[in-house]
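Asks: Give me a 3D structure for the following:
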Amino acid sequence: MRGPGRRLARVTDGERQGLVVASHGRHCLVESPDGSRILCHAKGKKNEAVVGDRVRWRPTGDEGVVAGVQERRNLFYRQDEIRTKSFAANLDQVLVLIAAEPEFSEMQLARALIAAEAQHIAPLVALNKSDLVEPFERAWRRLLPYQHMGYGVLPLSLRMSKDTDREHLLRHLQGKTTLVLGPSGAGKSTLINLLVPQAQALTGEISQALNSGKHTTTATTWYWVDAERTTALIDSPGFQEFGLNHIDAAQLPALMPDLKPHVAQCRFYNCTHRHEPGCGVMAAVAEQPGAPAGRIEPSRYRIYSSLYEELTQPRY
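Replies: Numbering: from 1, shown residues only. All right, here's what the predicted structure looks like:
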(Lines give C-alpha, C1' and ligand atoms only; values in the text may rest on other atoms or scores of the structure.)
Protein backbone atom coordinates (compact mmCIF):
# COMPACT_ATOMS: atom_id res chain seq x y z
CA MET A 1 0.00 0.00 0.00
CA ARG A 2 1.40 3.39 -0.90
CA GLY A 3 1.09 6.49 1.23
CA PRO A 4 -1.36 9.23 0.31
CA GLY A 5 -0.28 11.71 -2.36
CA ARG A 6 -1.63 15.08 -3.41
CA ARG A 7 -1.92 16.62 -6.88
CA LEU A 8 -0.88 20.19 -7.45
CA ALA A 9 -3.58 22.26 -9.10
CA ARG A 10 -2.73 25.31 -11.18
CA VAL A 11 -1.30 28.12 -9.06
CA THR A 12 -3.87 30.90 -8.90
CA ASP A 13 -3.32 34.62 -8.42
CA GLY A 14 -1.80 35.31 -5.04
CA GLU A 15 -0.64 31.73 -4.55
CA ARG A 16 3.01 30.83 -4.17
CA GLN A 17 4.98 27.60 -4.02
CA GLY A 18 7.32 26.40 -1.31
CA LEU A 19 8.94 23.54 0.57
CA VAL A 20 7.82 22.37 4.02
CA VAL A 21 10.92 22.34 6.26
CA ALA A 22 9.23 21.78 9.64
CA SER A 23 5.79 20.87 10.90
CA HIS A 24 4.07 20.87 14.29
CA GLY A 25 0.35 20.50 14.92
CA ARG A 26 -1.63 22.66 12.47
CA HIS A 27 1.41 24.78 11.62
CA CYS A 28 4.27 24.29 9.21
CA LEU A 29 7.28 26.33 8.19
CA VAL A 30 7.45 26.84 4.41
CA GLU A 31 10.61 27.85 2.54
CA SER A 32 10.30 29.86 -0.68
CA PRO A 33 12.65 29.33 -3.66
CA ASP A 34 14.65 32.39 -2.54
CA GLY A 35 15.34 30.78 0.85
CA SER A 36 12.98 32.92 2.93
CA ARG A 37 10.69 31.11 5.37
CA ILE A 38 7.18 31.80 6.56
CA LEU A 39 4.86 30.24 9.11
CA CYS A 40 1.79 28.73 7.45
CA HIS A 41 -1.43 27.26 8.82
CA ALA A 42 -3.47 24.38 7.48
CA LYS A 43 -6.52 25.40 5.47
CA GLY A 44 -8.72 22.90 7.30
CA LYS A 45 -8.71 21.43 10.77
CA LYS A 46 -5.90 19.01 9.97
CA ASN A 47 -2.41 19.74 8.64
CA GLU A 48 -1.85 17.22 5.81
CA ALA A 49 1.56 18.60 4.81
CA VAL A 50 4.72 16.84 6.03
CA VAL A 51 8.38 17.82 5.86
CA GLY A 52 9.63 17.49 2.28
CA ASP A 53 6.26 18.32 0.72
CA ARG A 54 6.01 20.91 -2.04
CA VAL A 55 3.00 23.09 -1.31
CA ARG A 56 0.93 25.98 -2.62
CA TRP A 57 0.33 28.70 -0.07
CA ARG A 58 -1.30 32.12 0.13
CA PRO A 59 -0.01 35.07 2.20
CA THR A 60 -2.31 36.32 4.96
CA GLY A 61 -0.62 39.23 6.66
CA ASP A 62 2.71 38.14 8.15
CA GLU A 63 1.83 34.47 7.81
CA GLY A 64 0.34 32.12 5.22
CA VAL A 65 -2.25 29.44 4.57
CA VAL A 66 -1.44 26.15 2.83
CA ALA A 67 -3.76 25.86 -0.17
CA GLY A 68 -2.65 22.46 -1.46
CA VAL A 69 0.07 19.78 -1.46
CA GLN A 70 1.85 18.59 -4.60
CA GLU A 71 1.75 14.91 -5.54
CA ARG A 72 4.44 13.04 -3.66
CA ARG A 73 7.15 10.82 -5.15
CA ASN A 74 7.06 8.84 -1.93
CA LEU A 75 6.10 9.07 1.73
CA PHE A 76 8.09 7.32 4.45
CA TYR A 77 5.83 6.38 7.32
CA ARG A 78 4.99 3.76 9.92
CA GLN A 79 1.60 2.48 10.97
CA ASP A 80 0.45 0.50 13.97
CA GLU A 81 -3.00 -0.46 15.19
CA ILE A 82 -3.58 2.98 16.69
CA ARG A 83 -2.17 5.55 14.30
CA THR A 84 -0.10 6.40 11.25
CA LYS A 85 3.09 8.44 11.74
CA SER A 86 4.51 10.17 8.67
CA PHE A 87 8.20 11.04 8.78
CA ALA A 88 8.86 12.86 5.50
CA ALA A 89 8.02 12.98 1.78
CA ASN A 90 9.94 13.09 -1.50
CA LEU A 91 13.06 11.37 -0.21
CA ASP A 92 16.06 10.12 -2.17
CA GLN A 93 17.29 7.89 0.64
CA VAL A 94 16.87 6.87 4.28
CA LEU A 95 19.99 6.70 6.43
CA VAL A 96 19.41 4.24 9.28
CA LEU A 97 21.95 5.06 11.99
CA ILE A 98 22.66 2.32 14.54
CA ALA A 99 25.50 1.84 17.01
CA ALA A 100 27.79 -0.89 18.30
CA GLU A 101 26.56 0.07 21.77
CA PRO A 102 23.82 -0.02 22.87
CA GLU A 103 23.25 -3.21 20.87
CA PHE A 104 20.90 -2.51 17.98
CA SER A 105 17.69 -4.40 17.31
CA GLU A 106 17.87 -6.31 14.03
CA MET A 107 14.07 -6.44 13.98
CA GLN A 108 13.83 -2.65 14.17
CA LEU A 109 16.44 -2.32 11.43
CA ALA A 110 14.54 -4.78 9.23
CA ARG A 111 11.27 -2.91 9.75
CA ALA A 112 12.82 0.41 8.69
CA LEU A 113 14.39 -1.18 5.60
CA ILE A 114 11.10 -2.83 4.60
CA ALA A 115 9.25 0.49 4.94
CA ALA A 116 11.86 2.15 2.71
CA GLU A 117 11.69 -0.63 0.11
CA ALA A 118 7.89 -0.35 0.02
CA GLN A 119 8.18 3.30 -1.00
CA HIS A 120 11.09 2.73 -3.44
CA ILE A 121 13.46 4.78 -1.28
CA ALA A 122 17.13 3.75 -1.26
CA PRO A 123 18.26 2.70 2.23
CA LEU A 124 21.73 3.27 3.66
CA VAL A 125 22.91 1.78 6.97
CA ALA A 126 25.57 3.46 9.14
CA LEU A 127 27.16 1.72 12.13
CA ASN A 128 28.49 4.17 14.71
CA LYS A 129 31.13 3.79 17.46
CA SER A 130 33.84 2.02 15.47
CA ASP A 131 36.22 3.15 18.23
CA LEU A 132 34.67 0.46 20.49
CA VAL A 133 36.68 -2.33 18.90
CA GLU A 134 35.10 -5.56 20.18
CA PRO A 135 31.46 -4.38 20.27
CA PHE A 136 31.91 -2.91 16.80
CA GLU A 137 33.33 -6.16 15.40
CA ARG A 138 30.35 -8.09 16.80
CA ALA A 139 27.88 -5.58 15.36
CA TRP A 140 29.67 -5.53 12.00
CA ARG A 141 29.37 -9.32 11.73
CA ARG A 142 25.63 -9.04 12.36
CA LEU A 143 25.42 -6.63 9.40
CA LEU A 144 27.22 -8.89 6.90
CA PRO A 145 23.92 -10.35 5.58
CA TYR A 146 22.79 -6.80 4.76
CA GLN A 147 25.96 -6.19 2.79
CA HIS A 148 25.32 -9.45 0.92
CA MET A 149 21.86 -8.08 0.06
CA GLY A 150 23.45 -5.05 -1.56
CA TYR A 151 22.81 -2.47 1.15
CA GLY A 152 25.51 0.10 1.75
CA VAL A 153 26.88 -0.18 5.30
CA LEU A 154 29.14 2.64 6.54
CA PRO A 155 31.47 2.41 9.56
CA LEU A 156 31.51 5.61 11.64
CA SER A 157 33.05 6.98 14.83
CA LEU A 158 31.01 10.14 15.39
CA ARG A 159 32.30 10.54 18.93
CA MET A 160 35.78 11.15 17.51
CA SER A 161 34.30 13.70 15.04
CA LYS A 162 37.01 13.30 12.41
CA ASP A 163 36.95 15.26 9.16
CA THR A 164 37.37 11.93 7.34
CA ASP A 165 34.01 10.75 8.71
CA ARG A 166 32.36 13.96 7.54
CA GLU A 167 33.82 13.65 4.05
CA HIS A 168 32.93 9.95 3.93
CA LEU A 169 29.31 10.73 4.80
CA LEU A 170 29.05 13.65 2.40
CA ARG A 171 30.06 11.44 -0.53
CA HIS A 172 26.95 9.35 0.11
CA LEU A 173 24.65 12.31 0.76
CA GLN A 174 25.74 14.78 -1.94
CA GLY A 175 22.87 16.15 -4.00
CA LYS A 176 20.26 14.06 -2.19
CA THR A 177 17.47 14.50 0.32
CA THR A 178 18.16 12.06 3.16
CA LEU A 179 16.03 11.18 6.17
CA VAL A 180 18.17 10.27 9.19
CA LEU A 181 16.51 7.59 11.27
CA GLY A 182 17.78 5.87 14.38
CA PRO A 183 17.09 4.74 17.93
CA SER A 184 18.03 6.72 21.02
CA GLY A 185 21.75 6.52 21.80
CA ALA A 186 22.88 5.80 18.24
CA GLY A 187 24.38 9.28 17.79
CA LYS A 188 21.82 10.92 15.51
CA SER A 189 22.19 14.40 17.04
CA THR A 190 25.99 14.12 16.80
CA LEU A 191 25.72 13.20 13.12
CA ILE A 192 23.40 16.12 12.38
CA ASN A 193 25.67 18.58 14.23
CA LEU A 194 28.74 17.22 12.42
CA LEU A 195 27.20 17.85 9.00
CA VAL A 196 25.19 20.96 9.93
CA PRO A 197 27.17 22.90 12.57
CA GLN A 198 24.42 25.52 12.87
CA ALA A 199 21.71 22.89 13.47
CA GLN A 200 21.20 23.74 17.15
CA ALA A 201 20.65 27.41 16.39
CA LEU A 202 18.34 26.57 13.49
CA THR A 203 16.34 24.23 15.72
CA GLY A 204 15.88 27.06 18.20
CA GLU A 205 14.64 29.37 15.48
CA ILE A 206 12.21 26.75 14.19
CA SER A 207 10.99 26.10 17.71
CA GLN A 208 10.25 29.79 18.18
CA ALA A 209 8.56 30.01 14.78
CA LEU A 210 6.30 27.03 15.45
CA ASN A 211 5.75 28.05 19.07
CA SER A 212 6.51 24.48 20.04
CA GLY A 213 9.10 25.23 22.70
CA LYS A 214 10.67 22.15 24.23
CA HIS A 215 8.71 19.90 21.90
CA THR A 216 10.98 20.71 18.94
CA THR A 217 13.02 17.54 19.55
CA THR A 218 9.91 15.52 18.69
CA ALA A 219 9.41 17.34 15.39
CA THR A 220 10.86 16.33 12.02
CA THR A 221 13.16 19.08 10.71
CA TRP A 222 14.82 19.82 7.35
CA TYR A 223 18.43 21.10 7.23
CA TRP A 224 20.44 22.23 4.22
CA VAL A 225 23.97 20.86 4.34
CA ASP A 226 25.39 23.18 1.68
CA ALA A 227 24.98 26.85 0.84
CA GLU A 228 23.76 25.94 -2.66
CA ARG A 229 20.80 24.04 -1.10
CA THR A 230 21.36 20.87 -3.11
CA THR A 231 22.02 18.47 -0.22
CA ALA A 232 19.47 18.10 2.58
CA LEU A 233 19.24 16.16 5.83
CA ILE A 234 15.95 15.54 7.59
CA ASP A 235 16.20 14.83 11.30
CA SER A 236 13.41 12.64 12.66
CA PRO A 237 12.26 11.80 16.18
CA GLY A 238 13.63 8.63 17.74
CA PHE A 239 11.27 5.66 17.96
CA GLN A 240 10.89 2.51 20.01
CA GLU A 241 8.35 0.77 17.78
CA PHE A 242 8.02 0.74 14.00
CA GLY A 243 4.65 -0.60 12.91
CA LEU A 244 4.23 -2.07 9.42
CA ASN A 245 0.45 -2.41 9.37
CA HIS A 246 0.42 -0.62 5.99
CA ILE A 247 2.31 -3.55 4.45
CA ASP A 248 0.41 -6.56 3.08
CA ALA A 249 1.92 -9.77 4.51
CA ALA A 250 2.01 -11.26 0.99
CA GLN A 251 4.31 -8.36 -0.06
CA LEU A 252 6.97 -9.08 2.57
CA PRO A 253 9.23 -11.41 0.52
CA ALA A 254 9.37 -8.88 -2.32
CA LEU A 255 10.53 -6.24 0.18
CA MET A 256 13.28 -8.42 1.68
CA PRO A 257 16.15 -8.69 -0.86
CA ASP A 258 17.51 -11.96 0.58
CA LEU A 259 14.13 -13.72 0.29
CA LYS A 260 12.95 -12.23 -3.01
CA PRO A 261 15.16 -14.27 -5.44
CA HIS A 262 13.95 -17.59 -3.98
CA VAL A 263 10.20 -16.99 -4.31
CA ALA A 264 10.26 -18.09 -7.96
CA GLN A 265 11.44 -21.53 -6.82
CA CYS A 266 8.31 -22.17 -4.73
CA ARG A 267 5.98 -24.93 -5.94
CA PHE A 268 2.83 -22.97 -5.10
CA TYR A 269 2.12 -19.44 -6.39
CA ASN A 270 0.47 -18.47 -3.07
CA CYS A 271 3.18 -19.95 -0.85
CA THR A 272 3.46 -18.26 2.55
CA HIS A 273 7.01 -19.64 3.03
CA ARG A 274 6.03 -20.97 6.44
CA HIS A 275 5.12 -24.64 6.02
CA GLU A 276 4.39 -25.50 2.36
CA PRO A 277 6.24 -28.38 0.65
CA GLY A 278 8.51 -27.33 -2.20
CA CYS A 279 9.09 -23.83 -0.77
CA GLY A 280 12.09 -22.17 -2.40
CA VAL A 281 12.50 -19.69 0.45
CA MET A 282 12.59 -22.31 3.19
CA ALA A 283 15.04 -24.39 1.14
CA ALA A 284 17.40 -21.41 0.95
CA VAL A 285 17.57 -20.82 4.73
CA ALA A 286 21.02 -21.71 6.06
CA GLU A 287 21.26 -24.13 8.97
CA GLN A 288 23.80 -22.03 10.87
CA PRO A 289 24.50 -18.28 11.28
CA GLY A 290 27.12 -16.88 8.96
CA ALA A 291 25.30 -17.82 5.77
CA PRO A 292 27.18 -17.19 2.51
CA ALA A 293 25.83 -14.76 -0.07
CA GLY A 294 22.81 -16.22 -1.82
CA ARG A 295 21.58 -18.05 1.28
CA ILE A 296 19.13 -16.71 3.87
CA GLU A 297 20.44 -16.06 7.37
CA PRO A 298 18.39 -17.95 10.03
CA SER A 299 17.79 -14.69 11.94
CA ARG A 300 16.39 -13.07 8.81
CA TYR A 301 13.98 -15.94 8.25
CA ARG A 302 12.85 -15.64 11.89
CA ILE A 303 12.21 -11.93 11.29
CA TYR A 304 10.13 -12.76 8.22
CA SER A 305 8.11 -15.38 10.11
CA SER A 306 7.48 -13.02 13.02
CA LEU A 307 6.38 -10.16 10.74
CA TYR A 308 4.17 -12.46 8.66
CA GLU A 309 2.42 -13.67 11.80
CA GLU A 310 2.02 -10.09 13.04
CA LEU A 311 0.57 -8.83 9.76
CA THR A 312 -1.87 -11.71 9.36
CA GLN A 313 -3.44 -11.32 12.80
CA PRO A 314 -7.14 -10.39 12.70
CA ARG A 315 -7.67 -6.63 13.08
CA TYR A 316 -10.71 -5.39 14.89
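
Asks: Quickly find the element holding the most centrally placed residue in the chain.
Replies: Centroid-nearest residue in the chain, with Cα atoms, centre = their mean: V94, separated by 4.4 Å. Using DSSP states H and E, V94 maps to strand 93-99.

Asks: What average pLDDT does that strand get?
Replies: Across strand 93-99, the average pLDDT comes to 96.

Asks: got it, and stretch 156-167?
Replies: Taken as a whole, stretch 156-167 carries a mean pLDDT of 80.

Asks: List the buried residues of it.
Replies: By 16 or more other Cβ atoms under 10 Å, the buried positions in stretch 156-167 come out as 156-158, 165. (Each C-beta comes from the backbone N, C-alpha and C, glycine too.)

Asks: just stretch 220-228 next, same as before
Replies: 220-225.

Asks: Quick one: end-to-end distance for it.
Replies: Length of stretch 220-228, first residue to last, Cα to Cα, to the nearest Å: 22 Å.

Asks: Where does the closest residue to A126 other than its chain neighbours fall, secondary structure wise?
Replies: Among residues not flanking A126 along the chain, L154 sits closest, at 4.4 Å (Cβ to Cβ, 6 or more residues apart in numbering). Secondary-structure assignment from DSSP H and E places L154 in strand 152-155.

Asks: Show me what that strand is packed against.
Replies: The helices and strands touching strand 152-155, judged by 3 or more Cβ pairs under 8 Å, 6 or more residues apart in numbering; DSSP states H and E, are strand 122-128, helix 163-173.

Asks: List just the nearest of the buried residues of stretch 220-228 to A249.
Replies: For the buried residues of stretch 220-228, the residue nearest A249 by Cβ to Cβ is T220; the value is 28.3 Å.

Asks: Tell me the spacing between the residue nearest to the closest one when sequence neighbours are not counted and L191.
Replies: Using Cβ to Cβ, 6+ apart and skipping the chain neighbours, the partner closest in space to T220 is V51 (4.6 Å). Distance from V51 to L191, counting by Cβ to Cβ, to the nearest Å: 17 Å.

Asks: which one of the two has more residues nearby?
Replies: Taking neighbours as other Cβ atoms under 10 Å, V51 and L191 compare with V51 leading, 27 against 24.

Asks: Surely the more buried one is in contact with V20?
Replies: Yes. V51 is within contact range of V20, at 5.4 Å (criterion: Cβ atoms under 8 Å).

Asks: Which residues are in contact with each of these two?
Replies: Jointly contacting V51 and V20 under the rule Cβ atoms under 8 Å, 6 or more residues apart in numbering are W222.

Asks: Beyond the least confident helix or strand in the chain by mean pLDDT, next helix or strand please.
Replies: Ranking every helix and strand in the chain by mean pLDDT, DSSP states H and E puts helix 199-210 at the bottom, with a mean of 66. For helix 199-210, the following helix or strand on the C-terminal side (DSSP H and E) is strand 221-224.

Asks: Does anything pack onto that following strand? Which helices or strands?
Replies: Other elements packing on strand 221-224 under the criterion 3+ Cβ pairs under 8 Å, 6+ apart are strand 16-24, helix 199-210, strand 232-235.

Asks: and the gap between H168 and R302?
Replies: Between H168 and R302 the computed distance is 33 Å (Cβ to Cβ).

Asks: if we can go back for a sec, so is the residue nearest to T220 in a helix, a strand, or just coil?
Replies: Following DSSP: H, G, I helix; E, B strand; the rest coil, V51 is assigned to coil.

Asks: And the pLDDT for it?
Replies: 96.

Asks: how about it, phi and psi?
Replies: phi -60, psi 130 (degrees, to the nearest 10).

Asks: Next: the one 4 residues further on.
Replies: The main-chain torsion angles of V55 are listed as degrees, to the nearest 10 and equal phi -130, psi 160.

Asks: And for it, the neighbour number?
Replies: 23.

Asks: dump the residue contacts of it.
Replies: 17-20, 28, 30, 40, 49, 66-70.

Asks: which of these tops the neighbour count?
Replies: Most neighbours among the contacts of V55, by other Cβ under 10 Å: C28, with 28 neighbours.
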